[in-house]
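>>> Whatever this is, show me its structure:
(one chain, ligands or ions: 1)
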Amino acid sequence: MRLEDLMERAAQYDENLARDIKDYVHGRKYGLVYEASKPEFVRMWKKPVVRGDIVNILPPRGVMEDTKNEDDPSEIVYKVISISDGIAMLRNEQTDETVTAAVDDIVALARFDKPIYAGLKETGRVERGGDKPYHVVINGENYHALQTLVYAYQGQVDCIYIDPPYNTGATDWKYNNNYVGKDDKYRHSKWLTFMEDRLRLAKKLLNPKDSVLIVTIDEKEYLRLGLLLEQLFPEARIQMVSTLTNSRGVARENGFARVDEYIYVVQFGESSVNRLPLSDEWRVNVKEDKRVTHLRWSMLIRSGSHFLRSDSVNQFYPVFVNNDGKSIHSVGEPYFGDNRSEVVPPKGTFAVWPLRKDGNEGNWQISNTNLRKLIASGFVMLGRLSKGTVPIYYLKKGEIEKVNNGTYKICGHRSDGSIISETEVRSLVTGTQWRIGSHDASIGGTSLLKSIFGVSPFPYPKSLYAVHDTLRFFVNDKPNALVVDFFGGSGTTLHAVNLLNKEDCGQRKCILVTNNEIKEDEEISLTAQGLRPTDEKWDNLGIARYVTWPRTVCSIEGRDIKRKPLKGDYGCPIETYQEYEGEIIDPETGKKKRKKLFEKVKKPFYPELADHKMSDGFEENAIFFDLEYLEPSVVSADLAFDRIAPILWLAGGCKGKILQRQKGYVIGETYAVLFDPRYKTRFVEAVLENKEIKTVFIVTDAAERYRSLCAELPGYRVMQLYESYLRSFEINAIG
Ligand SMILES: C[S@@+](CC[C@H](N)C(=O)[O-])C[C@H]1O[C@@H](n2cnc3c(N)ncnc32)[C@H](O)[C@@H]1O
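Residues are numbered from 1 along each chain as shown. You can find the predicted model right below:
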């Protein structure tokens with residue numbers, strides 16, 4: 001129902017009511033007022049059409065649908081009344097007229113106001129990461145994929161990064177199968193409806209205690225998006241960054257060339273921007289923290305309170321130091337006797353005990369096993385040998401974290417094996433204006449894709465480094481972060497997560513969702529050949545299959561699409577001008593003169609990544625799924641478990657095998673499923689035996705049974721699967 005129609009109708013009955021509506025709408029100076037568009041639908045191309053389905057009639061093969069025209073026949077929706085001999089009897093939902101059409105020429109619709117049942121079908125995998133968790137790429141409509149993810153990861157996602165269609169008025173996105181053109185009166189309403197439906201689901205995924213939503217956008221929709229975000233996330237802190245994406249500029253008629261776009265950062269709970277060691281480009285407009293600080297080494301001997309030996313008897317043990325006082329030989333066991341001299345140090349060493357200045361016995365701050373680990377990592381340092389003993393220092397957790405996240409760079413080791421760090425704090429929190437050369441989409445986006453595919457297969461990829469840098473402000477300190485991008489496009493976000501993992505041996509996991517749209521020109525040419533979606537030739541040209549998945553595989557394997565080793569490294573060499581002292585002939589005097597000159601050089605933008613050859617690939621695992629729509633009758637007859645199994649595996653943490661149905665129960669690496677309650681006792685035993693299992697599913701309609709299993713498995717995430725499965729996987733309609 002359009003707002004104007006509503007006001008017109010209201011005016012026929014009650015002028016005051018019409019005026020009130022008008023005042024309400026136009027009087028809202030602040031906040032976003034828009035007309036929610038008609039419920040969205042997507043075509044479920046692969047679902048066999050059955051009686052009761054809502055469908056579109058397709059034009060005959062070889063004929064294009066006029067998807068730019070709002071009155072396009074694809075807008076007409078029919079209900080299937082019966083099917084016989086390949087012919088469907090259909091009722092027009094608007095006019096009630098009945099028509100017939102060949103079953104081959106109709107396609108079922110999933111309307112967002114009606115429930116559907118989704119499943120996942122594996123279509124490929126790449127495994128180079130040993131027992132690391134898998135990244136996941138889902139080919140499908142993101143609204144339904146998000147609903148599926150909510151089942152598995154409600155409140156668990158650390159970071160969502162999205163680069164949605166910008167609603168440019170060109171053919172950059174479709175709403176209900178129609179391209180939304182420049183002249184569409186409702187194009188902003190459609191875009192907002194589209195975004196709102198998905199952002200509401202995104203909100204359910206994000207961890208309310210500590211997470212971030214990052215949305216990129218350009219000048220076409222940044223205002224409306226900003227208001228929508230404020231409206232949907234009143235509890236969050238929102239900032240907008242302006243970021244350079246194209247240094248050459250995109251011409252705007254009679255205007256400035258556009259060189260940048262925007263990044264909304266929506267932070268929840270305790271989320272904070274990480275201080276990072278950043279290059280000079282990031283320092284523009286930021287007041288630099290010039291303080292020089294050092295790593296803080298703490299005395300190993302406890303001071304303050306609880307410093308007596310009797311306060312912590314296990315932490316009274318000897319540390320054996322080599323006689324020259326320059327290195328630690330070994331760490332002894334806790335000593336419970338009262339004559340320390342009976343502990344004989346290994347040959348060539350002396351024992352250092354936690355003795356206080358007054359000679360009394362104290363205790364060390366950490367256990368002997370922990371100390372051994374820290375020594376091995378270089379986090380224990382000896383002081384100067386004096387009067388037959390040495391003070392011992394160690395790094396506390398917070399300082400170790402600063403070493404691990406690069407705040408302090410390790411530049412060497414002492415003779416005792418302890419790390420030497422750069423002293424100055426080079427890390428900073430940057431400002432809201434980013435002018436970073438490597439973020440130029442042509443450098444880190446298009447050229448990178450060309451190196452994999454030989455051609456540029458995707459119109460607007462983000463720069464890999466732009467995504468990498470944006471993510472690391474939020475997940476650098478979270479080596480197990482879960483990152484989701486539900487407008488995955490060419491797969492840049494997953495690639496960036498791999499780069500982050502490579503830098504610090506992290507196990508971050510990325511879930512990408514993207515649909516299998518094909519480019520408009522290809523759509524025209526394939527249609528002319530009599531093809532449609534679901535025909536293999538057509539589907540193989542879609543983004544998910546043609547770009548996202550191959551890019552993921554190629555970058556992990558370090559090979560291009562022809563299986564040749566990728567060239568180059570991840571240092572991102574960029575042409576820049578370097579200053580040097582040169583000689584010129586002075587035109588006036590004719591004499592040689594020294595002068596500062598500039599030469600063009602190629603320098604890695606990220607010197608620390610220059611060692612990482614693209615051909616090395618990544619030690620990561622990834623899996624590719626198609627989102628499928630399941631027929632309720634098939635699900636309720638329990639014939640769809642193979643499509644539901646991957647969803648349980650997602651919820652279980654994406655590790656190990658995807659568990660298939662078995663008699664009684666099945667135990668996996670990180671999750672387990674009880675199919676038959678008669679096997680409960682054996683099941684519980686098996687779960688308790690396997691320490692890695694954290695998530696458990698029980699198939700039952702009986703709430704009592706479910707509760708009793710919860711009671712037997714305290715501390716586990718126990719999830720109920722209804723016997724029919726239907727309610728578990730019913731993807732809710734809007735509202
Ligand atoms: C702007 S691109 C993202 C580009 C990506 N950041 C990159 O670097 O390659 C948006 C992508 O979202 C996909 N998309 C648009 N609407 C979608 C939907 N409803 N469900 C799933 N994917 C969708 C489009 O096919 C397109 O590939």
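
>>> where does residue 299 sit relative to residue 317, distance-wise?
According to C-beta to C-beta, to the nearest Å, residue 299 stands 16 Å off from residue 317. Where you see a C-beta, it was placed from the backbone N, CA and C, and this is true even at glycine.

>>> which stretches of the stretch 451-600 of the chain aren't confidently modelled?
Scanning the stretch 451-600 of the chain with the threshold set as pLDDT under 70 gives 577-579.

>>> and the residue of it nearest the ligand?
Residue nearest to the ligand within the stretch 451-600 of the chain: residue 489 (2.5 Å; C-beta to the nearest ligand atom).

>>> CA atoms only for stretch 11-18, dumped as CSV, please.
Only the C-alpha atoms of stretch 11-18 are listed here, as CSV (Å, rounded to 0.1, in the frame of the first residue of the first chain):
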residue,chain,number,x,y,z
ALA,A,11,-9.4,11.9,2.9
GLN,A,12,-12.6,10.4,1.4
TYR,A,13,-13.7,9.4,4.8
ASP,A,14,-12.1,11.8,7.2
GLU,A,15,-10.2,14.9,6.2
ASN,A,16,-8.7,15.3,9.7
LEU,A,17,-7.3,11.8,9.6
ALA,A,18,-5.7,12.4,6.3
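
>>> residues of that stretch that come out buried?
By 16 or more other C-beta atoms under 10 Å, the buried positions in stretch 11-18 come out as residue 18.

>>> Where does residue 201 fall, secondary structure wise?
Here residue 201 sits within helix 187-205, counting by DSSP states H and E.

>>> Could you point out the helix or strand that follows that helix?
strand 210-217.

>>> Just want the angle from that following strand to helix 187-205.
Between strand 210-217 and helix 187-205, the angle comes out at 160 degrees (axes from the mean of the first three to the mean of the last three C-alpha atoms, to 10 degrees).

>>> Give the other helices and strands that the helix or strand following strand 210-217 contacts.
As assigned by DSSP H and E, the chain's next helix or strand after strand 210-217 is helix 222-232. Contact here means 3 or more C-beta pairs under 8 Å, 6 or more residues apart in numbering; DSSP states H and E; on that basis helix 222-232 packs against helix 187-205, strand 210-217, strand 237-244, strand 260-269.

>>> Out of the ones you listed, point me to the one whose mean pLDDT is lowest.
Confidence, taken as mean pLDDT, is least for helix 187-205 of the helices and strands packed on helix 222-232 (a mean of 93).

>>> tell me the SS of the residue most central in space within the chain?
The residue lying closest to the centre of the chain (C-alpha atoms, centre = their mean) is residue 483, at 2.1 Å. In three-state terms, and counting by DSSP: H, G, I helix; E, B strand; the rest coil, residue 483 is strand.

>>> Run a quick neighbour tally on whatever residue of the stretch 251-400 of the chain ends up closest to the ligand.
Distances between the stretch 251-400 of the chain and the ligand by C-beta to the nearest ligand atom are smallest at residue 261, namely 11.0 Å. By other C-beta atoms under 10 Å, 22 other residues sit near residue 261.

>>> Test my guess that it contacts residue 217.
Yes. Here residue 261 reaches residue 217: they are 6.7 Å apart, a contact under C-beta atoms under 8 Å.

>>> chain center to the helix or strand where residue 146 lies, what's the gap?
In this assignment (DSSP H and E), residue 146 forms part of helix 142-153. Offset of helix 142-153 from its chain centre (C-alpha atoms, centre = their mean, to the nearest Å): 14 Å.

>>> same check, this time on stretch 671-689
Chain-centre distance of stretch 671-689: 33 Å, with C-alpha atoms, centre = their mean.

>>> and what of stretch 634-642?
31 Å.

>>> how long is that stretch end to end?
Stretch 634-642 has an end-to-end distance of 12 Å (criterion: C-alpha to C-alpha, to the nearest Å).

>>> can you tell me the average pLDDT over that stretch?
The average pLDDT within stretch 634-642 is 80.

>>> Using neighbour counts, pick out the buried residues of that stretch.
Buried residues in stretch 634-642 (16+ other C-beta under 10 Å): 635, 636, 640, 641.

>>> quick revisit: and the helix holding residue 201 with strand 260-269, angle?
When the same axes, to 10 degrees is applied, the directions of helix 187-205 and strand 260-269 differ by 40 degrees.

>>> Compare residue 299 and residue 317 (neighbour count), which wins?
With neighbours defined as other C-beta under 10 Å, residue 299 and residue 317 compare such that residue 317 has more, 21 against 14.

>>> The more buried one - that's part of a helix, no?
No. Counting by three-state DSSP, residue 317 is not found in a helix; it is coil.

>>> What residues does the chain have near the ligand?
Contact residues, the chain versus the ligand (C-beta under 6 Å from any ligand atom): 141-142, 163, 165, 173, 458, 460-462, 487, 489-490, 492, 513-515, 517, 543.

>>> lowest average confidence, helix or strand, in this protein?
Sorting the helices and strands of the chain by mean pLDDT, DSSP states H and E puts strand 427-428 at the bottom, at a mean of 70.
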